[in-house]
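Test case, fold it:
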Amino acid sequence: MKKINLEYTNIPVLFPLIDFFIENIRENKPFHFLRINHGVIDLIHLGYKDELSKFEESFINDEFGIIADRMIKASAIDVNTPLEIYHKQSKELKEKIKVFLETLKYYKSLSNKLQISVSLGIGLHQYHGIYEKNHPYQLARTEVWKIIEKYRVDEFYYSGVLKHYTIKKEIYRLFEELNNNDFLVVWVGREYMKLFQNENIFNIKKFHHINIPNKGAIDFVDEYIDEIKKLRETNEKIIVIHSIGHILSAYIANKLKDTDIFGLDIGRSFDLLVKNSNEPSLPRGWIDKMAWPYMIEWVDNLRKKSYG
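Alright, predicted model coming up:
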């Protein structure tokens, strides 16, 4: 498999083409692909500022509660941060962050199914959704990830690949394979996720949607996991496709790690396919920033930079 370096760094990550996932589905080899983008990395930086050595010490010693407290405190300073916006300082937040950090550190030691991916932006490398190279936030993201990279137990992937497959219209092949192999496709996400079942998009034969609120899903995530496990009792093959944030995605993967249930943390990777919808729960943002042909050019150029 080829690799690419993380944004503005010489840190290599795996850069799979879509055939990697299709072959795992065809051969019934469960995986759970997780994404980590800038938001959660920024919270670590904001929690420690010029004291990243203390983050490293806590990370080494599994002091995940201390790190979580720092991240929560940093989030409370700025109401625009993801923790404040989506989790509303839930009583469940600290425990969920601790599981996220455990999953990040121990990775395939927890389960060989796990495939953790990262971007120091939003997965579009240096083309969009990222600061300039010398911006303090961008420099801090690199420093935080260098610490995590130092103690990794296996190779990380690049988190933007699902966006890339969508931009290139390759993602349809993955759903054709799921249909051909009789998978129940369980979506965990906002109301607009139901649009992907449409025959003009993925035409999913076996579809189940667990609808989540725009805010506060953290208080119901254990119920979602129980529902997924219950569905497995009557369905031989299941893939869970979730758009519920990095922390809760890691929590779901951790709690499903001992099952044969597949998983894809898509975030907003597929939103481009429904950008013309009037569904109120559909966020805007990256899907409106640039014409589709330019995005195709981004992906093509990025793939030319991959190596190995």
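
Quick check: next helix or strand after the worst-scoring helix or strand of the chain on mean pLDDT?
The helix or strand of the chain with the lowest confidence, counting by mean pLDDT, DSSP states H and E, is helix 82 at a mean of 63. Counting by DSSP states H and E, the element after helix 82 in chain order, helix or strand, is helix 93-106.

Partner strands of whichever helix or strand comes after that following helix, with direction?
As assigned by DSSP H and E, the chain's next helix or strand after helix 93-106 is strand 114-118. With DSSP bridges as the test, strand 114-118 is paired with strand 32-36 (parallel), strand 157-158 (parallel).

With adjacent residues omitted, what lies nearest to the one residue sitting closest to the centre of the chain?
Closest to where the C-alpha atoms of the chain average out (Cα atoms, centre = their mean) is residue 35, at 2.6 Å. Leaving aside its sequence neighbours, residue 35 sits nearest to residue 159 (Cβ to Cβ, 6 or more residues apart in numbering; 4.0 Å). Every C-beta, even on glycine, is put in place using the N, C-alpha and C of the backbone.

hang on, that neighbour packs against residue 121?
No - Residue 159 lies out of contact with residue 121 (Cβ atoms under 8 Å); the separation is 9.2 Å.

between these two, what contacts are shared?
residue 37 (Cβ atoms under 8 Å, 6 or more residues apart in numbering).

So those two - more neighbours on which side?
Neighbours were counted for residue 159 and for residue 121 using other Cβ atoms under 10 Å; residue 159 has more, 27 against 21.

can you tell me which residues contact that one?
Counting by Cβ under 8 Å, 6+ apart, residue 159 has contacts 35-37, 117-119, 123.

rerun that using 10 Å as the cut-off
By Cβ atoms under 10 Å, 6 or more residues apart in numbering, the residues touching residue 159 are 6, 13, 33-38, 116-123, 246, 265, 267, 269.

Quick check, pLDDT for it.
pLDDT recorded at residue 159 is 96.

Sketch out the strands for this protein, chain order is fine.
With DSSP state E as the criterion, the chain has strands at 3-5, 12-14, 32-36, 114-118, 157-158, 184-189, 207-211, 238-242, 262-265.

Can I get those in JSON lines including distance to residue 199?
Output for these, formatted as JSON lines (distance: least, Cβ to Cβ, whole Å):
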{"stretch": "strand 3-5", "distance to residue 199": "35"}
{"stretch": "strand 12-14", "distance to residue 199": "33"}
{"stretch": "strand 32-36", "distance to residue 199": "26"}
{"stretch": "strand 114-118", "distance to residue 199": "30"}
{"stretch": "strand 157-158", "distance to residue 199": "31"}
{"stretch": "strand 184-189", "distance to residue 199": "14"}
{"stretch": "strand 207-211", "distance to residue 199": "11"}
{"stretch": "strand 238-242", "distance to residue 199": "18"}
{"stretch": "strand 262-265", "distance to residue 199": "21"}
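
so how many other residues sit close to the nearest residue to residue 178 once chain neighbours are set aside?
Nearest residue to residue 178, sequence neighbours excluded (Cβ to Cβ, 6+ apart): residue 185, at 5.8 Å. For residue 185, the neighbour count with other Cβ under 10 Å is 23.

How much space separates residue 185 from residue 49?
To residue 49, residue 185 is 42 Å away according to Cβ to Cβ, to the nearest Å.

now residue 148
Taking Cβ to Cβ, one finds residue 148 at 17 Å from residue 49.

of these two, who's got more company?
A side-by-side neighbour count of residue 148 and residue 49, using other Cβ under 10 Å, places residue 148 first with 21 against 11.

Run through the residues that contact that one.
Taking Cβ under 10 Å, 6+ apart, we find residue 148 in contact with 11, 36, 41, 44, 55-56, 59, 101, 104-105, 116, 118, 156.

thinking again about what came up before, output the strands paired with strand 114-118 as JSON lines; include the columns distance to residue 275.
JSON lines is the format used below for the strands paired with strand 114-118 (distance: least, Cβ to Cβ, whole Å):
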{"stretch": "strand 32-36", "distance to residue 275": "20"}
{"stretch": "strand 157-158", "distance to residue 275": "23"}
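
Correct me if wrong: residue 190 contacts residue 266.
No - here residue 190 does not reach residue 266: they are 11.9 Å apart, not a contact under Cβ atoms under 10 Å.

Any chance you could list residues touching both of those two?
Joint contacts of residue 190 and residue 266 (Cβ under 10 Å, 6+ apart) are 243-244.
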